[in-house]
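Novice: Structure here, sequence nowhere to be found:
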């Protein structure tokens, strides 16, 4: 089973940028679909973006479309989430997850999360 570790979270001002990383160990990422989701205090977890292992297709939630970009470097076993034009409502714990199917809905492995806080 793949193990995932997120990094790159922090405190940023509105309008700023952050790049989150999801590093995998235990296996290569080549065939895995990797998704990013987030959970804000008192809210349900929300799917943010995913990149499909089989063909590299990418998907974004409407709330982040045009601001966030997902990419992968299979050689480094890492998936990135570039977050630009951040808003206070982007504040949440961000998780990455892995699956061998391409649904971007069901995942088998989860990271521990990284906190993103957008505040002035």
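Specialist: Good, I have the coordinates. On a predicted model such as this, the values are computed, not experimentally measured, just so you know. Numbering: from 1, shown residues only.
Novice: I figured residue 81 hits residue 64, correct?
Specialist: No: contact criterion Cβ atoms under 8 Å: residue 81 and residue 64 do not qualify, at 9.1 Å. The C-beta positions use only the backbone N, C-alpha and C, and glycine is treated the same way.
Novice: out of the two, which sits in the more crowded spot?
Specialist: residue 81 (27 against 22; other Cβ atoms under 10 Å).
Novice: And that one, which helix or strand is it part of?
Specialist: Element membership for residue 81, per DSSP states H and E: strand 78-83.
Novice: How far away from the center of its chain is that strand?
Specialist: Averaging C-alpha positions (Cα atoms, centre = their mean, to the nearest Å) puts strand 78-83 6 Å from its chain's average.
Novice: Phi first, then psi, for residue 75.
Specialist: Taking degrees, to the nearest 10, you get phi -60, psi -30 for the backbone angles of residue 75.
Novice: Give the burial count for it, as a bare number.
Specialist: Counted with other Cβ under 10 Å, residue 75 comes out at 9.
Novice: do the same with residue 95
Specialist: Residue 95: 22 surrounding residues under other Cβ under 10 Å.
Novice: and the most centrally placed residue in the chain, how far is that from residue 120?
Specialist: In the chain, the C-alpha closest to the average C-alpha coordinate belongs to residue 36, at a distance of 2.7 Å (Cα atoms, centre = their mean). As judged by Cβ to Cβ, to the nearest Å, residue 36 and residue 120 stand 24 Å apart.
Novice: Surely residue 53 is in contact with residue 30?
Specialist: Yes: at 6.7 Å, residue 53 counts as touching residue 30 under the criterion of Cβ under 8 Å.
Novice: between these two, which one's more packed in?
Specialist: Remark: of residue 53 and residue 30, residue 53 carries more neighbours, 20 against 11, as counted by other Cβ under 10 Å.
Novice: Now for the more buried one: which residues touch it?
Specialist: Residues counted as contacts of residue 53 (Cβ atoms under 8 Å, 6 or more residues apart in numbering) are 29, 30, 31, 32, 33, 34, 100, 102.
Novice: Out of those residues, list just those in strands.
Specialist: Here DSSP state E is the test, and those give 33, 34 as lying in strands.
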